[in-house]
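Asker: sharing a model that was predicted from the sequence below.
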Amino acid sequence: DAGITQSPRHKVTETGTPVTLRCHQTENHRYMYWYRQDPGHGLRLIHYSYGVKDTDKGEVSDGYSVSRSKTEDFLLTLESATSSQTSVYFCAISVGGPTYEQYFGPGTRLTVT
Amino acid sequence: KNQVEQSPQSLIILEGKNCTLQCNYTVSPFSNLRWYKQDTGRGPVSLTIMTFSENTKSNGRYTATLDADTKQSSLHITASQLSDSASYICVVSGDYGQNFVFGPGTRLSVLP
């Protein structure tokens, strides 16, 4: 699992509240990613980071923001959670660069009621 | 539009049998193609990565093929085991690996 942890693993929140998900890695890899996975869809990229304070948007970034103040932590924030953001969120890292092996965390199941 | 399609959507086979999963893509430019296995409730785990110049790659009982001309890939599983029950996801990467396009997956069930 390349030392990737996600917290929390499960969360239920109400519409309109802010939510922050944390991804932590222990091996100082440069590239980190946030994805969401929904039934009937492949994983979709929300945001990615290529270094401390270097981030960029993915395919489905609306309603999400990220921050990376330390190499080991990549935070995903839902600024005002909506029911459409109910999903399973996966963090991933690339080992050796973006074209190399990608390892995923265990996922966070988020339910917005 | 960059897309990855997989077939079949789901598959049921008996333990010990072989099977082949298909992946067609329209991602351009092309950097590499990956196959992942995802067990229920877990994150995906990489099985193989192939670049443009590779047309076959094996990982134990898993063998992936790539035809970059027709933009097709397959994943062949030999002598299936109950633990092979999972979703298998095809992922195509574009420029510099920053454009990962995931297929919807094939759900494989191996029955005793």
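Answerer: Yep, it's here. Computed from a predicted model, the values in this text were never measured in an experiment. Numbering: from 1, shown residues only, chains lettered A, B, ... in the order given.
Asker: low pLDDT regions in chain A?
Answerer: Residue ranges of chain A with pLDDT under 70: A:1-2, A:97-99.
Asker: residues near residue B:83, how many?
Answerer: Residue B:83: 10 surrounding residues under other C-beta atoms under 10 Å in any protein chain shown. Where you see a C-beta, it was placed from the backbone N, CA and C, and this is true even at glycine.
Asker: find the nearest non-adjacent residue to it, please.
Answerer: Computed as C-beta to C-beta, 6 or more residues apart in numbering or on different chains, the closest residue to residue B:83 that is not its neighbour in sequence is residue B:110, at 7.9 Å.
Asker: now do that neighbour, the pLDDT please.
Answerer: Note for residue B:110: predicted pLDDT of 98.
Asker: so how far is the host helix or strand of residue A:50 off the chain centroid?
Answerer: For residue A:50, the enclosing helix or strand under DSSP states H and E is strand A:44-51. Relative to its parent chain, strand A:44-51 has a centroid offset of 8 Å by C-alpha atoms, centre = their mean, to the nearest Å.
Asker: how far away is the residue nearest to residue B:83 from residue A:4?
Answerer: 28 Å (C-beta to C-beta, to the nearest Å).
Asker: near chain B, which residues of chain A show up?
Answerer: Within chain A, the positions adjacent to chain B are A:1, A:33, A:35, A:40-45, A:48, A:56, A:90, A:92, A:94, A:97-107 by C-beta under 8 Å from any C-beta of the partner chain.
Asker: filter the residues you listed down to the buried ones, PyMOL style.
Answerer: To isolate the buried members of these in PyMOL, using 16 or more other C-beta atoms under 10 Å in any protein chain shown:
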select buried, chain A and resi 33+35+42+43+44+45+48+90+92+94+98+99+102+103+104+105+107
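Asker: the residues of chain A next to chain B in strands, which ones?
Answerer: A:33, A:35, A:44-45, A:48, A:56, A:90, A:92, A:94, A:102-104 (DSSP state E).
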